[in-house]
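>>> heads up, no residue letters with this:
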């Protein structure tokens, strides 16, 4: 930081730190993967009971599903230009 010819703003410091932490080196790994820094883990402890789960601030009972329930998936439509051009009327082409 002493080698910089200017005083960086808070936004520039944030950008610099993101490059340092998440930028890849010559071997394709970032600073955390190289074990240069240890980032704080934000995982919570596993919940032991339903009462413990209900006490968590971010818990929503509506989000509970059985493990056997199928995963909800949103169908993604892919735009196919050739198919649309085939079915489009001539005045739109």
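Thanks, I have the structure now. Treat the numbers as computed from the prediction; the structure is a model and nothing was measured. Numbers count the residues shown, from 1 in each chain.
>>> rest of the way, CA atoms for contacts and neighbours
Fine.
>>> low-confidence ranges in the chain?
Under the criterion of pLDDT under 70, the regions of the chain flagged as low confidence span 42-44, 47.
>>> in it, which residue is closest to the centre?
Among the residues of the chain, residue 22 comes closest to the average C-alpha position under C-alpha atoms, centre = their mean, at 13.2 Å.
>>> Tell me which residues touch the residue lying closest to that residue once chain neighbours are set aside, please.
Spatially, and ignoring its direct neighbours in sequence, residue 22 is nearest to residue 30 (5.3 Å; C-alpha to C-alpha, 6 or more residues apart in numbering). Residue 30 makes contact with 20-24 under the criterion C-alpha atoms under 8 Å, 6 or more residues apart in numbering.
>>> of those, closest to residue 3?
Within the contacts of residue 30, the smallest distance to residue 3 is 15.6 Å, found for residue 20 (C-alpha to C-alpha).
>>> Distance check, residue 65 against residue 35.
Residue 65 sits 38 Å away from residue 35, going by C-alpha to C-alpha, to the nearest Å.
>>> go on, residue 70?
39 Å.
>>> likewise residue 27?
When C-alpha to C-alpha is applied, the distance between residue 27 and residue 35 equals 13 Å.
>>> just the helices in this structure please.
With helices called from DSSP state H, the chain shows them at 10-22, 50-55, 81-87.
>>> now the ones you listed in CSV, with distance to residue 4?
As requested, those are arranged in CSV below (distance: least, C-alpha to C-alpha, whole Å):
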stretch, distance to residue 4
helix 10-22, 12
helix 50-55, 49
helix 81-87, 50
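>>> just those: most buried one?
With neighbours taken as mean count of other C-alpha atoms under 10 Å, those reach their highest mean count in helix 10-22, at a mean of 12.
>>> How far off centre is that helix?
18 Å (C-alpha atoms, centre = their mean, to the nearest Å).
>>> go on, stretch 25-45?
On the basis of C-alpha atoms, centre = their mean, stretch 25-45 sits 16 Å off its chain's mean C-alpha point.
>>> For that stretch, list every residue counted as buried.
When neighbours are counted by 16 or more other C-alpha atoms under 10 Å, the buried residues of stretch 25-45 are found to be 30-31.
>>> Look at that stretch and report the distance between its end residues.
End residues of stretch 25-45 are separated by 33 Å (C-alpha to C-alpha).
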